[in-house]
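**Student:** Sequence and predicted model, in that order:
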Amino acid sequence: MDTKKIHRRTFHAAALGMLLGAVAPASKAALPTASAGSTIATRPKTFVLVHGAWYGGWCWDKVARALRAQGHNVTTPTCPGLGEQAHLLSKDISLTTFITSITNHIIYQDVSDVILVGSGFGGVVISGVADRIPHMIERLVFVDAMVLASGLSVFEAQPAAVTLKRQQQVETMGKGIAIPAPPVSSYGVMDKQTQAWLTARLTPHPVGTYQEKLVLNNPFGNGCPRVYVDCIASVFEPLVEVKKQLRNQKGWDWVELNTHHDPMITEPLVLANFLKTV
């Protein structure tokens, strides 16, 4: 991962539809830059948006609509056992299950030059997908996402206290197979309508995806340019140490977004405005 040094910019939530900047990627064409109020003329892009823990493809609704309104192609698959596939929840669902599901989604969409976006836990999934089908991916975008080295599981990478708490929740509330969703109050500032929408859709997350180690057969990213979007409006404890380690690694384009951990929920227009620049 011997690429350019990290480039940093901050995108402010208060700007909403106003783009304040962009970063230069480690390879391929440079990310476009826009000044306030300007319009970027680009070809239609293909986005595959991968959700994090307790979510489904539904969490990307406002982001996807904003991108499609700009002429881009967007799909938002749901991994097995979550969202509209909650009826498939079982002890047999693993990280490999998720990676295979998203890999097959891309293959069967018959697309190329995919901008593959992973939020939160979805960062682990897109890492595995890139290991399998790099020729179909134009860029990887990690939105405040978990990043694992090959041979580690999420339970091993996040703080021990967080892991212990979730393991206890699996046994006491998750029937031994799932991690219960955190309270909506922990997701950042949002209006009552959004809180109700979120509460009605969150589902327990298959614990096997946190237990299984990520196994990569190629160097991380497998040659795909990658961007890390650091959401800085509030601290998300499971990622504090992960981010510290990433800042010292080469090969990342680093962007700061002044949003909470799940901007597709709390600040969807800010996130959509950023994504259309990558």
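**Tutor:** Ah, there it is.
**Student:** do you know how far G81 is from V143?
**Tutor:** Counting by CB to CB, to the nearest Å, the gap from G81 to V143 is 21 Å. Where C-beta positions appear, they are placed from N, C-alpha and C, glycine not excepted.
**Student:** Specify which residue of those two has the higher count of neighbours.
**Tutor:** Legend: neighbour count by other CB atoms under 10 Å for G81 and V143, higher for V143 (29 against 25).
**Student:** For that one, name its beta-bridge partners.
**Tutor:** On the basis of DSSP bridges, V143 is bridged to S119, V229.
**Student:** Give me the neighbour count for I133.
**Tutor:** I133: 17 neighbours (other CB under 10 Å).
**Student:** That one: what's it in contact with?
**Tutor:** Each residue near I133 by CB atoms under 8 Å, 6 or more residues apart in numbering is listed here: 103, 106-107.
**Student:** which among these gets closest to P182?
**Tutor:** T103 (28.1 Å; CB to CB).
**Student:** hang on, H135 in a helix?
**Tutor:** Yes: counting by DSSP: H, G, I helix; E, B strand; the rest coil, H135 is part of a helix.
**Student:** picking up where we left off before, just send the contacts of I133 back as JSON lines, with secondary structure, distance to Y210 and pLDDT too.
**Tutor:** What follows is those, written out as JSON lines (DSSP: H, G, I helix; E, B strand; the rest coil; distance: CB to CB, whole Å; pLDDT from 0 to 100):
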{"residue": "T103", "secondary structure": "helix", "distance to Y210": "20", "pLDDT": "98"}
{"residue": "I106", "secondary structure": "helix", "distance to Y210": "23", "pLDDT": "98"}
{"residue": "I107", "secondary structure": "helix", "distance to Y210": "26", "pLDDT": "97"}
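**Student:** Looking at those, which is nearest F220?
**Tutor:** Closest to F220, out of all of those and judged by CB to CB, is T103, at 16.6 Å.
**Student:** Can you tell me which of the contacts of I133 has the most neighbours?
**Tutor:** Busiest of these [other CB under 10 Å] is I106, holding 21 neighbours.
**Student:** Not counting its neighbours along the chain, what's nearest P182?
**Tutor:** Excluding the flanking residues, the one nearest P182 by CB to CB, 6 or more residues apart in numbering is W54, at 7.4 Å.
**Student:** Can you tell me the number of residues neighbouring the one you found?
**Tutor:** For W54, the neighbour count with other CB under 10 Å is 23.
**Student:** isn't it right up against H205?
**Tutor:** Yes: look at W54 against H205 with CB atoms under 8 Å: they come within range, at 5.1 Å.
**Student:** got a list of what the residue nearest to P182 touches?
**Tutor:** Listed by CB under 8 Å, 6+ apart, the contact set of W54 reads 82, 179, 181-182, 202-205.
**Student:** can you tell me the helix or strand for V141?
**Tutor:** Secondary structure from DSSP states H and E places V141 in strand 137-143.
**Student:** pLDDT below threshold where in the chain?
**Tutor:** Within the chain, the ranges that satisfy pLDDT under 70 run 1-42.
**Student:** Centroid-wise, who is the farthest residue in it?
**Tutor:** Computed with CA atoms, centre = their mean, the maximum C-alpha offset from the centroid of the chain is found at T172, amounting to 28.1 Å.
**Student:** Mind jotting down where the helices sit in the stretch 101-250 of the chain?
**Tutor:** Counting by DSSP state H, counting those that start in this stretch, the segments of the stretch 101-250 of the chain that form helices are 122-132, 154-157, 160-172, 192-199, 208-211, 240-247.
**Student:** which of those is buried the deepest?
**Tutor:** Mean neighbour count (mean count of other CB atoms under 10 Å) peaks for helix 122-132 among the helices of the stretch 101-250 of the chain, with a mean of 26.
**Student:** Which residues outside that one are in contact with it?
**Tutor:** The contact list for helix 122-132, computed with CB under 8 Å, 6+ apart, reads 50-52, 79, 95-96, 98-99, 102-103, 106, 116-118, 137, 140, 142-143, 145-148, 154, 209, 214, 216-218, 220-222, 224.
**Student:** Could you check how far the spatially most central residue of the chain is from D92?
**Tutor:** With distances taken as CA atoms, centre = their mean, S119 lies nearest the centre of the chain, 1.6 Å away. Distance, S119 to D92, by CB to CB: 24 Å.
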